[in-house]
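Novice: sequence unavailable; structure follows:
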Ligand code: GMT
């Protein structure tokens, strides 16, 4: 198949998933065109990256415009790629504005070049496109129309499919969870290659290392992580490594000082590859208010690192409470801290969780999940009735 994939390039789960999907499809022999406003940060660094044809949405900032017309330029890029490379299908990641742009591109191709075959559009919902951004009154009807007009809509968790049905009254959704190429998450190999022991010593000599990775948006609640960690620090020799950057970073650094834990917290900024840091971590911490999936939590599990998280959104679909991590109500900060201390001190329970983490993550292996996207594309291209699930398709997470 010839597939065009559209995504955001920035550090964020939707761009990572789109890039992983592009690489997996290319390895399976498909012709993949990846379209984004900049090179997605995980596109390179693997042989399969070289198999992908990357197209950058041009920037045009004529002085008349207050905002560069990203949407129109993306539509035009899509029209060009679809026509020039005879693309069979467009798959967009994150509904806003990518879904409506792909639909417009399809309309333009059909309108300007009569006789062209219709362009199927698959829209994958990732999270805040439904739970926050898409609910803005001015975006709501646009997203609703795009959902109804896409040839196929997928969501990364059952939770997100249910939210879409509840808020947008749209339930023809296929749940396809996020995935990872599990063979690239090999703690021992990465530990050796990166000399992780040495790297860890440059960060801390504390007994335990807790890790958080995110784009530091408000929804990630890095303030909660710091308050919980302050409680943990009173009882354990521990260090907190914060990877990523975003709007809340400055506040977080200030809060670390106010809580008197600044010496025990390292803010490392963005890292393209978080696997070496996972290889040295004892626990991964994700205490968000909202998380439709939590890709970083899955990366932690894949590296055999248990996750302490909040029981919100789709996170319980990714982290099995008591088996490969612990989930808590977001407001129970003391309970979360106690849970962390208890787990780290109970070495046999902790080791069992580490082993289970990796086993559990195998349910989300690329091999199992990417086939489901291929099946969806195939069904849409054949145009069969019932190609896309009717009603919320809550098939067993597809990873068991
Ligand atoms: O929706 C967002 O906030 C953006 C998106 C991203 O690009 O990081 O994150 C969402 O998609 C990820 C990949 O599917 C999920 O792992 C994240 O849980 C989800 N974020 C939220 O729901 C807050």
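Specialist: That came through, no problem. All figures in this text were calculated on a predicted structure; none of them were measured in a lab.
Novice: correct me if wrong: residue 61 contacts residue 68.
Specialist: Yes. With contacts defined as Cβ atoms under 8 Å, residue 61 counts as touching residue 68 at a distance of 4.6 Å. No exception for glycine: its C-beta is placed from N, CA and C like everyone else's.
Novice: the two: which is more packed in?
Specialist: In this comparison of residue 61 against residue 68, neighbours counted by other Cβ atoms under 10 Å, the higher total goes to residue 68 at 15 against 10.
Novice: can you count the residues close to the closest residue to the ligand within the stretch 101-250 of the chain?
Specialist: With Cβ to the nearest ligand atom, the shortest gap between the stretch 101-250 of the chain and the ligand falls at residue 127, namely 2.5 Å. Using other Cβ under 10 Å, residue 127 has 28 neighbouring residues.
Novice: for it, give me phi and psi.
Specialist: When quoted as degrees, to the nearest 10, the phi and psi of residue 127 stand at phi 170, psi -100.
Novice: tell me the contacts of the closest residue to it other than its chain neighbours?
Specialist: The shortest distance from residue 127 to any non-neighbouring residue, by Cβ to Cβ, 6 or more residues apart in numbering, is to residue 292 (3.6 Å). Remark: with contacts taken as Cβ atoms under 8 Å, 6 or more residues apart in numbering, residue 292 is in contact with 125-128, 130-131, 155-157, 159-160, 163, 313-314.
Novice: tell me the residues on the stretch 251-400 of the chain that lie near the ligand, please.
Specialist: Residues of the stretch 251-400 of the chain found near the ligand (Cβ under 6 Å from any ligand atom) are 290, 291, 292, 293, 294, 295.
Novice: so what's the closest residue in space to the first one that isn't next to it in sequence up against?
Specialist: The reference is to residue 290. Closest residue to residue 290 apart from its sequence neighbours, by Cβ to Cβ, 6+ apart: residue 219 at 4.9 Å. Residues in contact with residue 219 (Cβ under 8 Å, 6+ apart) are 128, 132, 288, 289, 290, 291.
Novice: for residue 219, give its distance to residue 330.
Specialist: For residue 219, the distance to residue 330 equals 11 Å [Cβ to Cβ, to the nearest Å].
Novice: contacting residues for residue 249?
Specialist: 216, 222, 267.
Novice: got it, and residue 116?
Specialist: Contacts of residue 116 were listed using Cβ under 8 Å, 6+ apart, and they are 83, 109, 110.
Novice: one more time with 6 Å, if that's ok
Specialist: Going by Cβ atoms under 6 Å, 6 or more residues apart in numbering, residue 116 touches 109, 110.
Novice: separation between residue 272 and residue 213?
Specialist: Here the distance between residue 272 and residue 213 works out to 11 Å (Cβ to Cβ).
Novice: so between those two, which is more surrounded?
Specialist: Neighbours around residue 272 and residue 213, counted as other Cβ under 10 Å, are more numerous at residue 213. The numbers are 26 against 9.
Novice: out of the contacts of residue 292, which are inside strands?
Specialist: Counted as lying in strands by DSSP state E, out of the contacts of residue 292, are 125, 155.
Novice: nearest residue to the residue nearest the centre of the chain in space, please, no chain neighbours.
Specialist: With the centre of the chain defined as its mean C-alpha position, the nearest residue by Cα atoms, centre = their mean is residue 13, 2.2 Å away. Taking Cβ to Cβ, 6+ apart, and ignoring the residues beside it in sequence, residue 13 has residue 295 as its nearest neighbour in space, at 3.9 Å.
Novice: same check, this time on residue 121
Specialist: Leaving aside its sequence neighbours, residue 121 is closest to residue 102 (4.4 Å, by Cβ to Cβ, 6+ apart).
Novice: make a markdown table out of the contacts of residue 219 and add pLDDT and neighbour count.
Specialist: As requested, the contacts of residue 219 are exported to a markdown table (pLDDT from 0 to 100; neighbours: other Cβ atoms under 10 Å):
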| residue | pLDDT | neighbour count |
| --- | --- | --- |
| 128 | 92 | 20 |
| 132 | 89 | 13 |
| 288 | 98 | 23 |
| 289 | 97 | 13 |
| 290 | 95 | 20 |
| 291 | 97 | 28 |
